[in-house]
Every structure is written in structure tokens, then in C-alpha cells.
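K.L.:
the following comprises the amino acid sequence and a computationally predicted model.
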Amino acid sequence: MKTTTPLAIIVVALGLLSACTEKQNDDGTTANVPEPELPVASQPVETNPANTSYQPAFSGQTRAGGVKTTTPYKVTLFTSALSAPWGITPLPDGRLLVTEKSGMMRIVTTSGTVSAPITGIPAVNAGGQGGLLGVCVSPSFATDRMVYWVFSENVTGGTVTAVAKGKLAAGETAIENATIIYRANPAANSTLHYGGRILFDKTGHLLVSTGERSNLATRPLSQSVSGALGKIVRITTDGAAASGNPTFNGTGALPELFSIGHRNPQGIALHPTTGELWQSEHGPRGGDEINRVLPGANYGWPTITYGIEYGGQTIGSGIQQQNGMEQPVYYWDPVISPSGMTFYQGNRIPEWQNNLFVGALSGQHIARLVIANNKVTGEERLLTSEGQRFRDLTQGTDGALYAITDGGRMYKIDKE
């Protein structure tokens with residue numbers, strides 16, 4: 001990437017549009033809207049050897065063909081004044097609310113100015129992978145000013161992934177009446193694998209990802225329906241189990257469970273067209289996953305996995321498929337360490353429409369995944385020259401993508 005002013009600009013040739021779909025306008029009329037051609041994939045972007053000889057369950061499940069964006073776009077270093085940011089979400093007026101791992105929230109303006117810390121937030125345990133994690137705002141934020149976030153909390157017996165809410169005060173310097181509404185029990189003596197993403201679904205309920213806390217003792221709890229570790233939970237804004245949740249069989253099955261069998265899910269996003277939940281998940285040594293999350297489904301960890309232990313040992317029986325357990329839509333081996341993610345909506349960069357953008361930590365890039373019929377048909381790596389661990393990204397109200405990194409940076413990615 002070449003920097004020529006404060007902007008870092010990537011310029012490539014213009015892409016072509018083809019085909020049209022009918023879209024309903026606000027006034028009830030319809031109009032033909034162009035859809036981008038699916039890109040022609042070349043050799044996979046991953047060229048390093050895999051950690052295992054495991055075979056994918058279907059063609060295209062890993063190492064999809066490489067694609068390249070053809071529309072001119074630019075990358076702006078929006079600010080480098082953040083401190084280990086972890087979550088980002090847009091406010092209705094275009095500004096961005098950001099969490100920092102240490103326990104701070106800040107607002108970044110449309111000019112890149114970073115606010116002073118927002119006070120009134122419960123204390124976090126910022127050790128290891130913990131801290132102030134994912135964040136979202138109420139769909140009615142313009143009137144109720146409610147903020148919802150995930151954090152690692154010290155409790156009796158260790159730490160938990162907790163969910164809290166509070167009102168952003170009129171002066172925007174404090175959260176008022178912060179209340180912890182949910183804890184993913186049981187507690188664990190660990191500072192790893194909290195999961196930690198949160199978003200609103202289309203029904204006004206909260207979807208929250210939780211990790212299995214990494215310990216060999218807690219790892220099997222991903223398969224336990226009586227605990228909230230290694231799960232996606234669906235709760236009300238008061239922390240109760242949401243209506244319409246799936247029913248899991250088993251003694252003491254928790255009513256808030258939406259899906260089970262996850263390892264360390266640090267990314268969740270709703271598909272713009274189908275409304276379905278998609279999720280990114282850290283594997284061990286190999287086996288990072290992208291999942292299409294269906295209510296009531298079991299995603300297999302630690303019974304099935306495309307990874308191995310960090311020391312090279314087989315995990316469990318060393319199997320990758322089992323009846324009753326879902327296959328990932330996509331997996332990486334070697335890992336890229338996928339964290340926050342978002343689907344691109346709109347036509348500012350038409351060929352990106354409905355593509356999934358995933359922040360890669362160890363991979364130090366943003367993965368762009370082209371998806372058709374719920375399968376990945378192409379992969380591109382963006383911002384590789386920045387040398388940053390990309391922690392989360394979101395689409396702003398202006399249609400641009402905003403990405404934050406562990407190194408304290410925020411990038412804006414938009415049409416040229």
C-alpha cells in the first residue's frame with residue numbers, strides 16, 4: 001500500500017455490472033437494480049501447507065479460489081489514537097462507538113477525533129483475552145440511547161462472559177444505570193475464550209457468542225446443554241431467554257441456547273438477504289471456521305474439528321464429521337484467527353454486495369469472502385501491507401467499512 005497524503009489508496013480497474021433484480025422502493029414501486037457478476041476465481045490465496053491431512057467434506061469448504069476487487073477504492077487511516085479496541089458499532093448520526101479492551105468506551109467522530117473515555121462501565125478483567133468486548137446499540141438508540149456490551153467479569157469461581165446494558169447520557173461522557181443482565185455460567189478459572197460478540201436480531205432480541213474458556217476441563221461443556229459455554233445465546237434486553245428459541249434435548253437444557261458446539265466465536269453477523277446468523281470461530285492449530293448458524297444446531301466442537309492441538313496431538317477421535325453435527329461453511333488451515341465480521345450492503349462498491357468481511361488477527365488482513373448459495377466461492381485478502389491484527393469491522397451509516405486493530409488503529413474503506 002502506498003501512502004500519498006493521510007490516505008492510503010489502493011487503485012484497481014473498474015469492474016463491470018451485469019444482471020438485474022427487482023427491488024421495491026420506499027414508495028412501493030419497483031426498480032431494476034444491477035447485481036455484480038460473480039468474480040472469476042484463480043488460485044487460492046493460501047499457499048502455506050496445512051497442519052493436517054484432513055480432507056474437506058465438500059468442494060470449496062477450504063482454500064477457495066482467489067478473487068480480486070476490480071472497483072477502485074481507497075483505504076484511509078482514520079485514527080491511530082485508540083488503545084486495543086475490541087468492538088465497533090455505528091451510531092445513527094454516523095459516529096462510531098468503540099470499546100477498548102482495558103474497559104473504556106469512546107466515540108470516534110466522522111473526522112476521526114477520539115473522545116475522552118466514557119465512564120460508568122462495570123469493571124472488567126482485562127487479563128489474557130478478556131476485557132471490554134463486543135458492543136451494539138438499541139435499534140431505537142435515537143430515542144432510548146441504550147447501549148449493550150459484553151465483558152469478562154470476575155465472579156466467585158473465576159470469570160464469566162457477561163452482558164450489560166446502560167443508557168448513554170445526554171452529555172455522552174457516561175453510561176447511566178449500567179446493569180448486568182446475563183452471565184454465561186459456569187464460571188471458569190481462565191482468562192481465555194470468552195467469545196464476546198453481540199448484536200440485535202430482526203425481532204429485537206440479542207444474540208451473544210460465548211467461548212468454552214479453553215481449559216481441557218471446560219472444553220466438553222460446548223456440548224452440554226445445561227451450561228452456556230461454547231454457545232450462541234438469544235436473550236431479551238433484560239437478559240431472559242427470548243421467545244421462539246429452539247428446544248434442546250437433555251437434562252437442565254437452558255432456554256436461552258440458540259446453537260451449541262462452538263470453541264471461541266468472536267464474530268457474528270446477519271446475512272443481508274436471508275437474515276440468517278453467520279459466525280466466525282477460532283480453531284486450535286488449524287480449523288478456523290465460518291458457520292451458517294441454524295437455530296438448534298450443534299457445530300461439533302470438540303467432537304469434530306479440522307484442527308489439532310497446538311502441540312500437534314489429535315483432538316478427541318480425530319474425526320471431522322459426525323451425524324447430528326453441522327459442517328462449517330468454510331474453514332482455514334493454517335489459521336488466520338478470525339475475529340469480528342460484517343456483511344457488506346449497498347452498492348458503493350457493487351461487487352462487494354453481500355460479501356462477508358472478516359478481521360484476521362494472526363493473519364493480519366481482512367478476509368473478503370464471496371458467498372453464493374451459502375458456499376464460499378472466492379476469497380481475497382485486503383490490507384495485508386498494514387501489518388495489523390484486525391479485531392473487528394462494521395459498515396457505517398455512510399456505507400463505508402470501518403475496521404479496528406489491536407494496534408489502536410481505525411481504517412475507513414470506501415469507494416475511491
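P.N.:
Great, that's in hand.
K.L.:
which ones are touching Gly60?
P.N.:
Gly60 makes contact with Tyr330, Lys375, Val376, Thr377 under the criterion C-beta atoms under 8 Å, 6 or more residues apart in numbering. In this view, the C-beta of every residue, glycine as well, is placed from N, C-alpha and C.
K.L.:
list the beta-bridge partners for the third one.
P.N.:
To tie it back to what came earlier, the one meant is Val376. Bridge pairing for Val376 (DSSP bridges) gives the partners Ile371.
K.L.:
any idea how far Val160 is from it?
P.N.:
33 Å (C-beta to C-beta, to the nearest Å).
K.L.:
Gly244 now?
P.N.:
25 Å.
K.L.:
quick one: which of the two has more around it?
P.N.:
Regarding Gly244 and Val160, a neighbour count based on other C-beta atoms under 10 Å identifies Val160 as having more, with 26 against 10.
K.L.:
what's the closest non-adjacent residue to the residue nearest the centre of the chain?
P.N.:
Nearest to the geometric centre of the chain sits Gly267, at 2.0 Å (C-alpha atoms, centre = their mean). Once flanking residues are discounted, Gly267 sits nearest to Ser280: 3.4 Å by C-beta to C-beta, 6 or more residues apart in numbering.
K.L.:
over to Gly275?
P.N.:
Nearest one to Gly275, counting by C-beta to C-beta, 6+ apart, is Lys202 at 5.5 Å.
K.L.:
and what of Asp201?
P.N.:
Ranked by C-beta to C-beta, 6+ apart and with sequence neighbours excluded, the top spatial neighbour of Asp201 is Leu207, at 5.5 Å.
K.L.:
for Ala169, same thing?
P.N.:
Excluding its sequence neighbours, the residue lying closest to Ala169 (C-beta to C-beta, 6+ apart) is Glu176, at 5.1 Å.
K.L.:
ok, and what's touching the helix or strand hosting the one you found?
P.N.:
Using DSSP states H and E, Glu176 sits in strand 175-188. The contact list for strand 175-188 (C-beta under 8 Å, 6+ apart) reads 105, 118-122, 147, 153, 155-169, 195, 208, 210, 213, 215, 218, 221, 227-229, 231, 233, 235, 237-239, 256.
K.L.:
ok, and the closest non-adjacent residue to Leu199?
P.N.:
Cys136 (5.1 Å).
K.L.:
now the element after the helix or strand harbouring that neighbour, going C-ward?
P.N.:
Per DSSP H and E: Cys136 is located in strand 132-137. Next along the chain after strand 132-137, taking DSSP H and E as the criterion, comes helix 141-144.
K.L.:
any idea of the mean pLDDT for that following helix?
P.N.:
Averaged over helix 141-144, pLDDT sits at 97.
K.L.:
check stretch 301-316 too.
P.N.:
Across stretch 301-316, the average pLDDT comes to 98.
K.L.:
in that stretch, which residues are buried?
P.N.:
Trp301, Pro302, Thr303, Ile304, Thr305, Tyr306, Gly307, Ile308, Ile315 (16 or more other C-beta atoms under 10 Å).
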